[in-house]
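A.B. asks: predicted model and sequence below, questions to follow.
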There are 2 protein chains.
Amino acid sequence: MPSHMPQPSFVLVRPQMGENIGGAARAMWNFGLDRMRIVSPRDGWPSQKAVAMASGAGRLLDEAQLSGSVADALSDCTYVFATTARARDLTKPVMTPERAMQVAREKIAAGEKVAVMFGPERAGLENDDISKANAIINVPVNPEYASLNLAQCVLLTAYEWRRGAADVVPERVEMAKAEWASNLEVEKLADHYEQRLETAGFFFPEAKAESMKINLRNMWSRMTFTRADVQMLHGMMRQMVRWKERDD
Amino acid sequence: MPSHMPQPSFVLVRPQMGENIGGAARAMWNFGLDRMRIVSPRDGWPSQKAVAMASGAGRLLDEAQLSGSVADALSDCTYVFATTARARDLTKPVMTPERAMQVAREKIAAGEKVAVMFGPERAGLENDDISKANAIINVPVNPEYASLNLAQCVLLTAYEWRRGAADVVPERVEMAKAEWASNLEVEKLADHYEQRLETAGFFFPEAKAESMKINLRNMWSRMTFTRADVQMLHGMMRQMVRWKERDD
């Protein structure tokens, strides 16, 4: 069964090679999309080559809705995107994948049924297919070099769908087994180093001692230390002291 | 010669198959990136398989900087990202590709040299490699299914670099050979239809005629017509009149 998560359907229009249908299934499922529709696959259906390539995402192929025409595949959809690599002789909104998936999200939240069409490997969608779409998706590739394949185009569009999901956190800190050091712990570290360096005659000449200490404390507080870092730094200084005492 | 556009270097660490190095070159150049570095490719260098797969992006392979160690490959870099598929036992910032390329853009604008490391196909980067990085890039894949290959990971990261470029327009309207109709042209169209529909007895009963006309004018002005649309609509009405006149 497809997941219940509201999502756009991805419609592969007259795909040529089974491998690419399998690759598209993998690309979709990487980003949590599992509603595939297929219009008139060139080499027939089901496809063993598609299944072999889809490893782990084969369920999407089993559940794919097969149609004999683009019109049939889109019959229940209220808003349709067509992906194209080049400009066409048609007057339509042209969106980046990012913008398109924002629009898709808004429409789906409002109860609409949204589909995205992807054309055959060689030639892409025909103007007749595109005329059935409300808007065009155009990936902002290098104008000197556009060589995205079908699965890559599916991948980028699916990625943009997933990128807009609420649970994607732009930045976090992987904590492993670590915990951040508290201010107090960093303060104690600064004290430890200051005392030992004082003893070692580091703050010299006397006239500069105060500003040297301030610079050092600034440095400690600028860092984001874990407790393990702080313990290690204490240990380093203790070792230097031990080494000095042994040598004496 | 690599382009002069400021950009991050992409470092392939111990890549296994030449095809994947070629695929990575294509993925980079699709989004205008052309500074590749390669550390200890398993099957030697240069690679005919890489060249065959890179079609059109072979220049990146010719110009790639080959190194024997990660440390050598990164020696001139001031900020380094490591891409990983799974959490590691390391304390580091973990960013989405989007956030990471924002950071890269800021650092590069400030004159820093930024690199992004990609690990070998099977196992990914080792912890020893990752320890040389300032931050981790983690693609927000479906937690139930993560099967991005090397070229796809390169593709998504390169796409995020390009997506932030100033000249990427989120939405525009492809105008083909069309021009938008002016207000006056739409007004004349409304007049034409109103007159003909009046003659045809459409605005009935009399008590509702005024509000029917307002609704119709509202409809016309809500549309965004091209000049060609307006001409076609004029033609449709003229044809209906001709048809009526013939029939009489």
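C.D. replies: Great, that's in hand. Residues are numbered from 1 along each chain as shown, chains lettered A, B, ... in the order given.
A.B. asks: okay, now the domains of chain A?
C.D. replies: Listed domain ranges for chain A are A:9-163, A:183-247 (source: automatic domain parsing).
A.B. asks: near chain B, anything from the first one?
C.D. replies: Yes - taking CB under 8 Å from any CB of the partner chain as the criterion, domain A:9-163 and chain B are in contact, through A:26-27, A:29-32, A:55-57, A:87-96, A:98-99, A:136, A:139-142, A:144-148, A:152, A:155-156, A:159, A:162-163. C-beta coordinates here come from the backbone N, C-alpha and C atoms, glycine included.
A.B. asks: filter those residues down to the ones in strands?
C.D. replies: A:92-95, A:136 (DSSP state E).
A.B. asks: picking up where we left off before, now the residues of domain A:9-163 next to chain B: which count as buried?
C.D. replies: Those of those that meet the buried threshold are A:26-27, A:29-32, A:57, A:88, A:90-96, A:98-99, A:136, A:139-142, A:147-148, A:152, A:155-156, A:159, A:162-163, by 16 or more other CB atoms under 10 Å in any protein chain shown.
A.B. asks: so which of the residues you listed sit within helices?
C.D. replies: With helices defined by DSSP state H, the entries of those inside them are A:26-27, A:29-30, A:98-99, A:152, A:155-156, A:159, A:162-163.
A.B. asks: which two among the residues you listed are spaced furthest apart?
C.D. replies: Across these, the two members that end up farthest from each other (CB to CB) are A:26 and A:99, 25.0 Å apart.
A.B. asks: ok, residue A:21 - contacts?
C.D. replies: Listed by CB atoms under 8 Å, 6 or more residues apart in numbering or on different chains, the contact set of residue A:21 reads A:12, A:15, A:38, A:41, A:47, A:50, A:53-54, A:61.
A.B. asks: no wait, residue A:61
C.D. replies: Taking CB under 8 Å, 6+ apart as the definition of contact, the neighbours of residue A:61 are A:21-22, A:25, A:36, A:46-47, A:50-51, A:54.
A.B. asks: go with 6 Å
C.D. replies: Listed by CB atoms under 6 Å, 6 or more residues apart in numbering or on different chains, the contact partners of residue A:61 are A:25, A:50, A:54.
A.B. asks: chain A: helices as residue ranges?
C.D. replies: With DSSP H applied, chain A shows helices at A:18-30, A:48-53, A:58-63, A:70-73, A:97-109, A:127-130, A:150-163, A:183-199, A:206-222, A:227-247, listed in chain order.
A.B. asks: near chain B at all, the longest one?
C.D. replies: What it means is helix A:227-247. No - residues of helix A:227-247 are not located near chain B by CB under 6 Å from any CB of the partner chain, the shortest gap being 8.1 Å.
A.B. asks: which outside residues touch that helix?
C.D. replies: When contacts are taken as CB under 6 Å, 6+ apart, the neighbours of helix A:227-247 outside the stretch itself are A:178-179, A:181, A:185, A:189, A:193, A:196.
A.B. asks: same check on stretch A:156-165?
C.D. replies: Under the criterion CB under 6 Å, 6+ apart, residues A:27-28, A:31-33, A:97-98, A:101, A:105, A:116, A:139, B:140, B:156, B:159 lie in contact with stretch A:156-165.
A.B. asks: now the helix or strand of chain A with the lowest mean pLDDT, how far from the centre of its chain.
C.D. replies: Sorting the helices and strands of chain A by mean pLDDT, DSSP states H and E puts strand A:171-174 at the bottom, at a mean of 72. Here the centre of mass of C-alpha atoms in strand A:171-174, compared against the chain's by CA atoms, centre = their mean, to the nearest Å, lies 14 Å away.
A.B. asks: which strands or helices does that strand pack on?
C.D. replies: Contacts defined by 3 or more CB pairs under 6 Å, 6 or more residues apart in numbering or on different chains; DSSP states H and E place strand A:171-174 against strand B:92-95.
A.B. asks: for stretch A:209-218, which positions count as buried?
C.D. replies: With burial defined by 16+ other CB under 10 Å, the residues of stretch A:209-218 counted as buried are A:213, A:216-217.
A.B. asks: kindly report the same for stretch A:223-231.
C.D. replies: Counting neighbours by 16+ other CB under 10 Å, one finds that the buried residues in stretch A:223-231 are A:225-226, A:229-230.
A.B. asks: nearest to chain B, of those?
C.D. replies: Comparing the buried residues of stretch A:223-231 against chain B with CB to the nearest CB places residue A:226 closest, at 5.6 Å.
A.B. asks: if I look at the closest one, how far off is residue A:159?
C.D. replies: When distances are taken as CB to CB, to the nearest Å, residue A:226 and residue A:159 turn out to be 32 Å apart.
A.B. asks: any idea which of the contacts of residue A:61 is closest to residue B:109?
C.D. replies: residue A:25 (39.5 Å).
A.B. asks: can you give me the distance of the closest one to residue A:47?
C.D. replies: 11 Å.
A.B. asks: any chance of the buried residues of stretch A:223-231 in TSV with distance to residue A:202 as columns?
C.D. replies: As requested, the buried residues of stretch A:223-231 are arranged in TSV below (distance: CB to CB, whole Å):
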residue	distance to residue A:202
A:225	21
A:226	26
A:229	21
A:230	20
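A.B. asks: can you list those in CSV and add pLDDT?
C.D. replies: Shown next, in CSV, are the buried residues of stretch A:223-231 (pLDDT from 0 to 100):
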residue, pLDDT
A:225, 79
A:226, 80
A:229, 83
A:230, 88
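A.B. asks: among those residues, which two are most distant?
C.D. replies: Taking CB to CB as the measure, those span a maximum distance of 7.3 Å, between A:226 and A:230.
A.B. asks: over to stretch A:172-186 now: how far is its first residue from its last?
C.D. replies: Across stretch A:172-186, the terminal residues are separated by 22 Å (CA to CA, to the nearest Å).
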